[in-house]
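A.B. asks: how would this look folded up:
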Amino acid sequence: MTAHGYSNQIIEAAANLDSKDYAPRILYGAYIKWFYDELIKLQPVEVATTIHEDQVTALSRNSDGSVTIQTRDKAFTFDKVVMSLGQQDNYLNNREQGLAQYAEDNHLRYLAPTHPGDADLSGIPAGEDIIIRGLGLSFNDYISELTLGRGGQFMHNPDGSLSYQPSGREPRIIAGSRRGIPYYPKAISEKGYGEQVQPVFLTDTKMNAASVNGKLPYNTFIDLLKLDMELVYYSLMINDRYPSKSATEFKKQFIAADNPETVVDAYGFEEEDRFDWDYILDPFKDVQIISTQNYQSIILNWLNNVTADANKGSKTGPLGAALEVLRDFRTPIRKLVAKGRLSNDDYINRFLKQFNSDNNFLSIGAPALRSEQLSALIRSGIVIILAPGMEVKGENGWFETASPKRNTDKFKSATLLEARVPKPDLTITANPLLENLAENGLARPRILQADQTEFQLGAVDVDPKTDQLLTKAGNAEDNLYIWGVPLEGLRYLTSASPRPGVDDPALQTADKIAAEILGLPSAGNMLMN
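C.D. replies: Modelled structure (predicted):
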């Protein structure tokens, strides 16, 4: 550790951080700790903060309204309790249990869903094929740990691309998913503090006008969202490739048109420059039969194209800037969810099951550098990406994986790694406090009615105005609050870090709960997150 208490790794990360970079997690964690320490220094003399580094395992209400929490060997009584629990592990589902048991029976390695930072990868031998299921953020973390973390290096080529210099300690990684495509990269940030694209089409006025019996049809929600994305996309496409046309004039016409697509047609964009929503969501939908070897060429070409656009910047690259709209619109979408604008049927079957997955694919990816590194790893043969439709099973004493709808290629391995974090779900959580609350009737999952059928969200149910815990009987617990990740599904994208300068709902929620506890007024028009 250095004299100021930070490791050399953190100091180096801070020194190398450019104004347009995304901070690495280790630096973000150091910043959060520093900020917390500063808050403690500034607290009034009548306020004292005591930290107990122990796990809370149980909670109970007392007859006088106070709350007792239990750790492994101590009990504490408080007037009020706020639970901000973050990510947690779940019990394995039937499929995962079957794979874990198969691994045990056949002396294989099965790494169940968990946070990558908690996974022990030390037992994975060099040179061995391993299977990774999932191509999202956790996938990036795992391949980084298995390459850079084992002494490999990325080198800059004269053409600006990267090549990978292996250490010889890496495994060969066979990776895939149902979609068969890594997440889109984040564009290099060009936005200033608090800067966001504002909705032109996905506005309260337009959503109210399009609602039927008080509910906004899901397809209309997507259409309005797409129009905002197209407005950004085509404006930058004109700047990028059509210098004889006016982006300003295009915006005016697009916004004013009864049918904006007629404006797009009139501007004569080349076919490859059109905003194709279906292609963006499924770039390889027309690739039916292809060998794994040939698929690497296709995926590399796609990675090169989307990375080149992302490297232009979040206010310059047409595609990256359009996808950035999904990040900028998190607050409007959170409001849409909080206000119940969608019917329960659309919310359950379209928003939760379709939009969340699409949004993750389009806007929750890693910075563009990670995509450049992945390209280098594919070219080096360290990583192989399976075609869409990945399947995994235990067979003949091995884990076997293939994409049978695309080719007959099969790969086997002694290691299967699930590259995803556990989904917040009160009904299967392994968090002892949440388990205790549910078992004792102090917490319940949120249930929605759709098509005369009950649907259990898995989110902890709360009073939507206060985030006070709702008991099994539906009563609000005055002195118990819970917010953040355990409410995922009831709220939208609770795991995302708050953005500064935009009145982020996560910060609003913290303010609201603190004001409630202290009996103080808080800002009006609060949106709980």
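
A.B. asks: quick check, Asp309 in contact with Thr316.
C.D. replies: No. In this structure Asp309 lies outside contact range of Thr316 using Cβ atoms under 8 Å: 9.0 Å. The way it works is simple: take the backbone N, C-alpha and C, and place the C-beta from them, glycine included.

A.B. asks: which one's more surrounded, the two?
C.D. replies: The residue with more neighbours, out of Asp309 and Thr316, is Asp309; 23 against 16, by other Cβ atoms under 10 Å.

A.B. asks: please name the nearest non-neighbouring residue to that one.
C.D. replies: Excluding its sequence neighbours, the residue lying closest to Asp309 (Cβ to Cβ, 6 or more residues apart in numbering) is Gly317, at 4.1 Å.

A.B. asks: surely that neighbour and Thr307 touch.
C.D. replies: No. Using Cβ under 8 Å, Gly317 is not in contact with Thr307; the gap is 9.9 Å.

A.B. asks: these two - which one has more neighbours?
C.D. replies: A count of neighbours by other Cβ under 10 Å puts Gly317 above the other of Gly317 and Thr307, at 26 against 22.

A.B. asks: got a list of what that one touches?
C.D. replies: Contacts for Gly317 (Cβ atoms under 8 Å, 6 or more residues apart in numbering) come out as Ala187, Leu236, Asp240, Asp309, Ala310, Asn311.

A.B. asks: all strands for the stretch 101-250 of the chain, in order.
C.D. replies: With DSSP state E, counting those that start in this stretch as the criterion, the stretch 101-250 of the chain has strands at 109-111, 129-133, 153-156, 162-165, 172-176.

A.B. asks: buried residues, the third one. List them.
C.D. replies: Along strand 153-156, not one residue counts as buried under the neighbour rule (16 or more other Cβ atoms under 10 Å).

A.B. asks: packing partners for it?
C.D. replies: strand 162-165 (3 or more Cβ pairs under 8 Å, 6 or more residues apart in numbering; DSSP states H and E).

A.B. asks: same question for the last one.
C.D. replies: Contacts defined by 3+ Cβ pairs under 8 Å, 6+ apart place strand 172-176 against strand 129-133, helix 137-147, strand 383-385.

A.B. asks: can you do 10 Å?
C.D. replies: Contacts defined by 3 or more Cβ pairs under 10 Å, 6 or more residues apart in numbering; DSSP states H and E place strand 172-176 against strand 129-133, helix 137-147, helix 292-312, helix 368-380, strand 383-385, strand 398-402, strand 410-413, strand 415-418.

A.B. asks: can you show me the CA trace of the fourth one as PDB?
C.D. replies: Once non-C-alpha atoms are left out, helix 368-380 reads as follows in PDB (Å, rounded to 0.1, in the frame of the first residue of the first chain):
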ATOM      1  CA  ALA A 368     -15.100  -0.800 -26.800                       C
ATOM      2  CA  LEU A 369     -11.600  -1.800 -25.700                       C
ATOM      3  CA  ARG A 370     -13.000  -5.100 -24.400                       C
ATOM      4  CA  SER A 371     -14.400  -5.800 -27.800                       C
ATOM      5  CA  GLU A 372     -11.000  -5.100 -29.400                       C
ATOM      6  CA  GLN A 373      -9.400  -7.500 -26.900                       C
ATOM      7  CA  LEU A 374     -12.000 -10.100 -27.700                       C
ATOM      8  CA  SER A 375     -11.300  -9.800 -31.400                       C
ATOM      9  CA  ALA A 376      -7.600 -10.300 -30.700                       C
ATOM     10  CA  LEU A 377      -8.300 -13.400 -28.600                       C
ATOM     11  CA  ILE A 378     -10.500 -14.900 -31.300                       C
ATOM     12  CA  ARG A 379      -7.800 -14.300 -33.900                       C
ATOM     13  CA  SER A 380      -5.200 -15.900 -31.700                       C
END
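
A.B. asks: show me what counts as buried in that helix.
C.D. replies: If you call a residue buried by 16+ other Cβ under 10 Å, then helix 368-380 has these buried ones: Ala368, Leu369, Arg370, Ser371, Glu372, Gln373, Leu374, Ser375, Ala376, Leu377, Ile378, Ser380.

A.B. asks: minimum distance to Asp18: which of the helices and strands packed on strand 172-176 has it?
C.D. replies: With Cβ to Cβ as the measure, helix 368-380 is the member of the helices and strands packed on strand 172-176 nearest Asp18 (11.2 Å).

A.B. asks: and that closest one, how far out from the chain middle?
C.D. replies: 21 Å (Cα atoms, centre = their mean, to the nearest Å).

A.B. asks: next: stretch 130-148.
C.D. replies: Here the centre of stretch 130-148 is set off from its chain's centre by 15 Å, with Cα atoms, centre = their mean.

A.B. asks: can you check stretch 500-509 too?
C.D. replies: With Cα atoms, centre = their mean as the basis, stretch 500-509 stands 18 Å off its chain's centre.

A.B. asks: hmm, back to that, can I get the buried part of the contacts of Gly317 as one PyMOL selection?
C.D. replies: Buried members of those, identified by 16+ other Cβ under 10 Å, are gathered into one PyMOL selection as follows:
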select buried, resi 187+236+309+310+311
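
A.B. asks: which one of the contacts of Gly317 is nearest to Asn344?
C.D. replies: Distance ranking of the contacts of Gly317 against Asn344, using Cβ to Cβ, places Ala187 first at 34.8 Å.

A.B. asks: so which strand or helix has the spatially closest residue to the closest one that is not a sequence neighbour?
C.D. replies: Leaving aside its sequence neighbours, Ala187 sits nearest to Gly320 (Cβ to Cβ, 6+ apart; 3.1 Å). Using DSSP states H and E, Gly320 sits in helix 318-328.

A.B. asks: taking helix 292-312 as reference, get the angle to that helix.
C.D. replies: On the basis of axes from the mean of the first three to the mean of the last three Cα atoms, to 10 degrees, helix 318-328 is oriented at 70 degrees to helix 292-312.
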